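> Sequence isn't available, so here's the structure alone:
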């Protein structure tokens, strides 16, 4: 199968126009000793029907969330996507366009991103937002780089309540860029302002806290904020479960300077964790330091003055600043941003709040049922949104075995990221779980004997 | 010319589109579950619109957007080829789209298999020992590659090497990535005769800085669309100085099955799967930027990497020399499914034909445009070439920007303009292999008409576009008085 429209006859005629006789003439610039004079060692071409059959077979080897009950969250959340979202998001004018360099014929994408930036501001309470970033982890890195500044070497203070994958990514960048990181333990599931106070100094460039944190616990941001701000540090709030903002105070309200996180679960497919949708919102004083694309509203040149949208403040970006750029990002996750925008428009003001309430209530119902079982205890006493940690009477390895037998996917084994938590499992319950499914989980756990 | 109101200016209080799940559990009061000072007081002021309003609004926005499915998109360096519908269908199969990144390996055998096999395909195409699919985009791959080079030098006691050599025609991401890896960029001049690297300048830089050169970053064919014949000589010189060679795969569409970065002497290569493997650009993302490396860099790759054992596929941790993770989870899997489907569609002979056809289409356009436009380097090009509007600017005051805008009036997208920076009034044209001869001929006829207009009626070009939803927009105003979001009451201020 091929998507090359020109036939050999077309191509021969074109070659003759160029006074060439074969493709080989066009490859004259490639020295002979660099030519690969053998076919690539790849499987042979397949016809569409055969390829579909093959791909369906590979896909069928995965247990997917349409057919299996899952209580996994831990940074990636299953929120239902209304049919209206993919139908509009996958319109090919959006899908097959590129970065809107020619705004006159790209108003659709530009306006959608402007609406996305606005919605990110509306849910975070902050002043401005960019057009999106690769994922939550790299969005966090970009926020930290902004705080550290070019050539900066100030220390970054981060709570261990921040998603362990995000912290791993931050460490990778910190090593390359040359700044240091101090981790503050989230004892008892939350970051204490005393621990934070001991870690933050005059040379701290950023303080990073996740809300709700990786254990699902709600951090006491009213107590944390004054400590984060006692020096000159930028207070960065990381949000991996954005549905929480339906019921939780927005970051701007408790003094965040920058909010970053992950919006993939809003209107997009989970796709084994990527492509994802990092976001960044900030106080307006950071406007000219923001990484990534920004869309702005303007008017036509000349007399007409009709409203239109353009990529703006591009002098911040790599293609203008080159080695003086503070970020090397040149794409955003535009198509996923379109998905999130349509999703939030479809839910609207009341649906977004309802989403938060559904997750909150269902998770708390599950928590009450599980902690009523003998041997199963709440690990932490803090309040939570839609995730919570349970200490089981057996190892999480044994728990996983029970879940496998029962044909469900349980929670996240915290021992994978936190030493000393062999029996602790992080359960997530979103609006997609029914009471019946939660009760089934409880029945499965009931059979677990110490 | 028309306006589409913002979604925030539509609808009415109480309207909504989506209905969510039923509240089927016993409920508790919000205050009993969340501390009062952490509760949201007012709902986020999102739109209140019905489903039909959502559908019409975003349908209208899509109609105000130009994609490859709309028409010819000769945006140089971006490889805007056709995005097969089959690949889209495969990516949204529930077995691929509805899996969680932290599911046990035993429940995602198909996903890990796809990673495992795609890595091998890309390693073969690139002539490299091993590939990681983790980086999210080309620029992300660049940074990851430089981190690997840095880790490699540090492991050899060469951590002091702090210079990255970058040709003056390179993409802006190259020097920006170098800066993020805490490297200093040194610009290498282009040989005005060949369009390749100026060997004398390169050797002079190497002679005076040999002990500090960490790497050179190259694109081959380069951003002028020219294959640098001296690449082996460059590789030898840089390696002798102790540096590594980084291959920016932005232009890999031109080399598929013809030659391989690994055989040219490169140590690291990144692919832009959204270019070479035809995954859709999505209005500016998502992309995917896998990197391939030679054997000596494998221990430094980000992990985990897919492996195959007696009990099937699994994720193997990388050792202690790994640079660590560069993003959460394993990579842009949805994009990788499309790239995998693409490679399986074409097979080895098909991919070679892709590159040959892309090169033919570019040379055909270059040949046909040469009568009306200056060609920056009138040599055999590869997948793209750079024409210029220098003649039109000098004689009639018509710029590359004007010509780009005028092309829009004919139902086509514009070439990349003013890049590479070393060519004045650049029009960088990349037709790709998926365009018919008739489309190329139509583009040529339009370009000739515009050249004629520049002579006889330059105003029509200077004031273009005339047929698009909006005319030229005030970029200066957008930057001077940034308006990056809608706020309540904004409609009255306009």
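Right, received. Where do you want to start? Keep in mind the model is a prediction, meaning the values are calculated, not measured.

> Please count neighbours and contacts with C-alpha atoms only from this point.
Noted.

> And the strands in chain A, which stretches?
Assigned by DSSP state E, chain A shows strands spanning A:128-129, A:155-159, A:181-184, A:204-210, A:234-239, A:258-262, A:278-282, A:295-299, A:307-311, A:377-378, A:387-391, A:412-413, A:424-428.

> close to chain B, is the first one?
Yes. Strand A:128-129 lies in contact with chain B when judged by Cα under 8 Å from any Cα of the partner chain; the contacting residues are A:128-129.

> How about the third one?
No. Judged by Cα under 8 Å from any Cα, strand A:181-184 makes no contact with chain B; its nearest approach is 14.9 Å.

> related to what we said a few turns ago, the strands of chain A into CSV, with extra columns for mean pLDDT and mean neighbour count?
Shown next, in CSV, are these (pLDDT from 0 to 100; neighbours: other Cα atoms under 10 Å in any protein chain shown):
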stretch, mean pLDDT, mean neighbour count
strand A:128-129, 98, 28
strand A:155-159, 97, 24
strand A:181-184, 98, 18
strand A:204-210, 97, 27
strand A:234-239, 98, 26
strand A:258-262, 98, 29
strand A:278-282, 98, 29
strand A:295-299, 97, 25
strand A:307-311, 97, 25
strand A:377-378, 98, 17
strand A:387-391, 98, 25
strand A:412-413, 98, 24
strand A:424-428, 98, 25
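
> who in the stretch 351-450 of chain A is up against chain B?
A:351-355, A:358, A:361-362, A:365, A:383-385, A:409, A:412, A:431-432, A:434-435.

> Lowest-scoring secondary structure element of chain A by mean pLDDT?
None of the helices or strands of chain A scores lower by mean pLDDT, DSSP states H and E than helix A:318-321, at a mean of 72.

> Which other helices and strands does it contact?
Here helix A:318-321 touches helix B:173-180, going by 3 or more Cα pairs under 8 Å, 6 or more residues apart in numbering or on different chains; DSSP states H and E.

> hmm, back to that, of the strands of chain A, which is nearest residue B:421?
If you check each of those against residue B:421 by Cα to Cα, strand A:307-311 wins as the nearest, at 19.9 Å.

> which other residues reach the closest one?
For strand A:307-311, the external contacting residues (Cα atoms under 8 Å, 6 or more residues apart in numbering or on different chains) are A:100-101, A:103, A:107, A:110-111, A:114, A:293-300, B:3, B:470, B:473, B:475, B:478.

> the inter-axis angle of that strand versus strand A:295-299?
For strand A:307-311 against strand A:295-299, the angle by axes from the mean of the first three to the mean of the last three Cα atoms, to 10 degrees is 140 degrees.

> Pairing partners for strand A:307-311, with directions?
Applying DSSP bridges to the sheet, strand A:307-311 is found paired with strand A:295-299 (antiparallel).

> residues near residue 347, how many?
Going with chain A. Residue A:347: 27 surrounding residues under other Cα atoms under 10 Å in any protein chain shown.

> sorry, should have said chain B
Residue B:347 has 20 neighbours, counted by other Cα under 10 Å.

> thought it was touching residue A:39?
No. Between residue B:347 and residue A:39 there is no contact under Cα atoms under 8 Å: 9.5 Å.

> Which residue would be the closest one in the stretch 351-494 of chain B to chain A?
residue B:473 (4.1 Å; Cα to the nearest Cα).
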